[in-house]
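> The following comprises the amino acid sequence and a computationally predicted model.
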Amino acid sequence: MDDEYVEAVLSLVERIPPGRAMAYGAIAEVVGAELERGGPRLVGAVMASFGGGVPWWRVVTASGRLPPGNEVAARRELAAEGTPLTSDGSRIDMRRAAWLP
DNA sequence: ACCTTGACCTTGG
DNA sequence: CCCAAGGCCAAGG
């Protein structure tokens, strides 16, 4: 992916308010609407390589599952900012937390 | 150019 | 809830 696409994704993630979240697919739709390219998998690739500088814990799968590897840190952040979670606490409740710019 | 690999998504069993 | 199948876009070997 090129820098323009990476920038678009990262700047969008930065705008997600605390306590809310966006799915990879949703991000792909918003960004793709302007740049005419990309998709959920590409967004995932961007976050994997360049997501370190943004609130990556607010980006989850469509079903609210947290990204692999950093569940521990993610849970702490989410709990701290009061993100709506499912009863078992393992996933984000996307019906309530979903956010669109 | 061909094939494999992903922080994906939806549907169906 | 878990798994498999198809569809998806781009990168890397």
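All right, it came through fine.

> all strands of chain A, in order?
All strands of chain A, identified by DSSP state E, fall at A:22-23, A:59-60.

> strand partners of the last one, parallel vs antiparallel please.
Read that as strand A:59-60. Strand A:59-60 pairs in its sheet with strand A:22-23 (parallel), by DSSP bridges.

> ok, is the strand it pairs with in contact with DNA strand C or not?
No - contact check for strand A:22-23 against DNA strand C, using CB under 7 Å from any atom of the strand: none in range, with a minimum separation of 12.6 Å. (Glycine included, C-beta is placed from N, CA and C.)

> How far away from the center of its chain is that strand?
Here strand A:22-23 is found 5 Å from its chain centre; the criterion is CA atoms, centre = their mean, to the nearest Å.

> Now do that strand, average pLDDT.
Model confidence over strand A:22-23, given as mean pLDDT, is 96.

> Repeat that for stretch A:65-72.
Across stretch A:65-72, the per-residue pLDDT values average to 85.

> Kindly export it (C-alpha atoms) in PDB.
Backbone C-alpha positions of stretch A:65-72 (Å, rounded to 0.1, in the frame of the first residue of the first chain) are rendered in PDB as follows:
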ATOM      1  CA  ARG A  65     -13.200  -9.400  18.500                       C
ATOM      2  CA  LEU A  66      -9.900  -7.700  19.600                       C
ATOM      3  CA  PRO A  67      -6.800  -7.900  17.400                       C
ATOM      4  CA  PRO A  68      -4.400 -10.800  18.200                       C
ATOM      5  CA  GLY A  69      -1.300 -10.300  20.300                       C
ATOM      6  CA  ASN A  70      -2.200  -7.300  22.300                       C
ATOM      7  CA  GLU A  71      -5.400  -8.300  24.000                       C
ATOM      8  CA  VAL A  72      -4.000  -7.600  27.400                       C
END
